[in-house]
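# below are the sequence and a predicted model; questions follow.
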Amino acid sequence: MSESVGNKIKNLREAANLSLEAMANSIGINTTQLSLIESNEVSPTISMLMKISRVFGTRLGTILDGTEESGPVVSTQSQMQPTISNSNDSTELREHMDFYSLAKNKSDRNMDPLIIDVEYLENLDNMSNHEGEEFIYVLDGEVKVTYGTDTYTLKKGDSIYYDSIVPHIITTSSASQKAKVLAVIYTPF
């Protein structure tokens, strides 16, 4: 059984001799929220995971994956399980995205390809931003991508490529819809 994201973060923090408070301060959250993440009661956002990986001087995949492979990594649909569920940066459990890694365990990668199941999120106040770039391709359904002050509606077969430093968020167009996207996230190391 693979180690949970929260446990990995806690083990990395303890191995680096960082206190809960020092780690929380370095990623811009409070100690209660970090404690909830480490105990797997709250899922961190991709943006938060990127900040955490920077603290440890490692790639996002190191936190999301298990053992590392140097050769090719094949992902089959039958093996796909959510890597993380994404909630906003608050301690609420409003989850609206499940992430499936397509390069799980690939060492030294520069991109993180993911399949993301997207649901509706009413409150768009907590947009994500981080270094790097993202490419989103809609596989099924319809999504709304809010990027800065602009909103783009994308249907099956549409794509968007953007700088991740600009605040952004992805949701479906309505509460009755679900969508599936291919996302490729690049974060400079």
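Sure thing, it's come through. Being a predicted model, the structure only gives us computed values, none of them experimental.
# state the next helix or strand along the chain beyond the helix or strand of the chain at the bottom of the mean pLDDT ranking.
Ranked by mean pLDDT, DSSP states H and E, the weakest helix or strand in the chain is strand 84-87, scoring a mean of 45. Downstream of strand 84-87, the next assigned helix or strand under DSSP states H and E is strand 95-101.
# residues in contact with the spatially most central residue of the chain?
Among the residues of the chain, the one closest to the centroid is residue 46, at 2.6 Å (C-alpha atoms, centre = their mean). For residue 46, the contact set (C-beta atoms under 8 Å, 6 or more residues apart in numbering) comprises 60, 86, 99, 128, 130, 185. Where you see a C-beta, it was placed from the backbone N, CA and C, and this is true even at glycine.
# can you select the buried ones from those in ChimeraX?
Buried members of the contacts of residue 46, defined by 16 or more other C-beta atoms under 10 Å, are picked up in ChimeraX with:
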select :60,86,99,128,130,185
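# find the pair from the contacts of residue 46 with maximum spatial separation.
Farthest pair in these (C-beta to C-beta) is 99 and 130. Separation: 14.6 Å.
# just to revisit the earlier point, any idea of the pLDDT on the residue nearest to the centre of the chain?
The score at residue 46 is 75. That number is its pLDDT.
# what's the answer for residue 98, then?
73.
# what of residue 187?
So residue 187 comes in at 79 (pLDDT).
# out of the contacts of residue 46, the closest to residue 164 would be?
Checking the contacts of residue 46 against residue 164 by C-beta to C-beta gives residue 130 as the nearest, at 5.1 Å.
# now do the contacts for the closest one.
Contacts of residue 130 by C-beta under 8 Å, 6+ apart are 46, 47, 50, 51, 164, 165, 187.
# three-state assignment of it?
Classification of residue 130 using DSSP: H, G, I helix; E, B strand; the rest coil returns coil.
# domain ranges for the chain?
5-64, 77-186 (automatic domain parsing).
# weakest of these in terms of mean pLDDT?
Among these, domain 77-186 scores lowest, at a mean of 81.
# and that domain, how far out from the chain's middle?
8 Å (C-alpha atoms, centre = their mean, to the nearest Å).
# mind listing the helices for this structure?
Secondary structure of the chain, counting by DSSP state H: helices at 5-15, 20-27, 31-38, 46-56, 60-64.
# with respect to residue 150, which of these lies nearest?
helix 46-56 (18.8 Å).
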